[in-house]
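J.: Task: produce atomic coordinates for the following.
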Amino acid sequence: MFIEGSLLADYLLIGVLVLVVASFVAGFLDAVAGGAGLILVPAFILTGMPPQLALGQEKLVSTLGTFSAIYNYFKSSKIIWKVAGYGIPTALIGAYIGGKVILSIDESIVGQIIFFLIPIGLLVSFMPKKDTKDGAYQPSKKDIMIVLPLVCFIVGFYDGFFGPGTGSILILALHFLIHMPLVESSATSKIFNLASNVGAFVAFFIAGKMAFIIGIPMVLASIGGNYIGSHVTIKNGDKIIKPLIFSSIAILFISLGIKYVW
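T.: Here you go, the predicted structure:
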């Protein structure tokens with residue numbers, strides 16, 4: 001049974017406007033550097049949603065909101081389709097499995113693991129890197145047939161299990177492990193993030209952990225944020241991606257530390 005009736009009355013009075021604003025900001029951040037869940041999950045919990053419902057609701061909002069960003073990136077030809085097909089199936093499967101797991105056990109163990117791995121990601125982010133010009137990207141067979149599917153499965157599992165920071169982690173993985181330019185990494189990551197969102201969406205949908213009626217205005221706000229954020233990214237490129245991705249991962253690190261270590 002989906003949780004809608006009693007929650008709807010409460011959120012219409014005290015929470016919907018806050019959550020709509022949070023959804024717009026989260027959509028903008030997600031389109032640029034990933035990390036919608038860093039805003040959405042805490043916002044949902046602070047307005048009184050149970051944790052599992054908050055995770056499911058984040059999947060509802062993020063999954064539908066991502067479509068507008070993908071549309072803009074598609075028009076600008078920033079998505080590298082020749083590698084996308086290799087990661088979509090494993091991202092979807094990994095997220096579905098992760099969602100099923102979080103619905104059955106405590107997520108604190110994985111949260112602690114991610115907490116201790118985030119500093120490594122931050123250090124890698126500041127490493128010197130080559131400038132890869134548009135049209136120069138040529139992935140190796142190993143990258144797209146072995147590394148990419150494995151990365152998408154692992155990150156997909158994390159997305160289904162917990163989620164916040166998935167987009168940022170995907171962008172970094174595509175940039176540093178698959179050697180993709182940053183703007184193309186941000187664009188292509190949305191395809192994999194959408195696949196992982198769909199996988200997790202199915203798991204939480206089956207479990208009844210979504211409030212669809214109160215989610216409608218949040219989805220619309222997320223679509224608007226994603227649309228504007230993707231436009232800004234295409235126009236400004238690395239100048240806006242770098243600071244926002246570092247900020248979103250730092251927020252993820254701090255939030256995980258407070259939740260699982262403090």
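J.: Could you use CA atoms for every contact and neighbour count after this?
T.: Noted.
J.: for the chain, what spans make up the helices?
T.: Under the criterion DSSP state H, the chain contains helices at 5-14, 16-33, 36-46, 51-75, 81-102, 108-125, 141-142, 148-161, 166-176, 182-207, 212-236, 238-260.
J.: Same list, those helices, but as CSV with mean neighbour count and mean pLDDT please.
T.: Shown next, in CSV, are the helices of the chain (neighbours: other Cα atoms under 10 Å; pLDDT from 0 to 100):
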stretch, mean neighbour count, mean pLDDT
helix 5-14, 12, 55
helix 16-33, 26, 85
helix 36-46, 22, 78
helix 51-75, 23, 86
helix 81-102, 22, 93
helix 108-125, 15, 60
helix 141-142, 10, 86
helix 148-161, 26, 93
helix 166-176, 25, 85
helix 182-207, 25, 91
helix 212-236, 22, 87
helix 238-260, 18, 67
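J.: and F153, what does it touch?
T.: G87, T90, A91, L92, I93, G94, A95 (Cα atoms under 8 Å, 6 or more residues apart in numbering).
J.: rerun at 6 Å
T.: The contact partners of F153, by Cα atoms under 6 Å, 6 or more residues apart in numbering, come to T90, A91, G94.
J.: Please tell me how far it sits from G94.
T.: F153 is 5 Å from G94, where distance means Cα to Cα, to the nearest Å.
J.: ditto for L55
T.: For L55, the distance to G94 - Cα to Cα - is 16 Å.
J.: go on, P50?
T.: Separation of P50 from G94 (Cα to Cα) stands at 24 Å.
J.: what does Y227 give?
T.: Counting by Cα to Cα, the gap from Y227 to G94 is 27 Å.
J.: Equivalent analysis for G208, please.
T.: In terms of Cα to Cα, G208 sits 20 Å off from G94.
J.: same check, this time on K59
T.: As for K59, its distance to G94 is 15 Å (criterion: Cα to Cα).
J.: Kindly report the same for I254.
T.: In this view, I254 and G94 are 25 Å apart by Cα to Cα.
J.: ditto for I146
T.: To G94, I146 is 15 Å away according to Cα to Cα.
J.: which one of the contacts of F153 sits closest to F74?
T.: Of all those, A91 has the smallest distance to F74: 19.7 Å, by Cα to Cα.
J.: I'd say that closest one and C152 touch.
T.: Yes. A91 sits in contact with C152 when judged by Cα atoms under 6 Å, with a separation of 4.6 Å.
J.: how far is stretch 66-85 from where the chain is centred?
T.: On the basis of Cα atoms, centre = their mean, to the nearest Å, stretch 66-85 sits 15 Å off its chain's mean C-alpha point.
J.: List the contacts of that stretch.
T.: A31, I144, E184, A187, T188, I223, N226, Y227, S230.
J.: Output the residues you listed as TSV; include the columns distance to S196.
T.: As requested, these are exported to TSV (distance: Cα to Cα, whole Å):
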residue	distance to S196
A31	15
I144	18
E184	19
A187	15
T188	13
I223	18
N226	17
Y227	20
S230	19
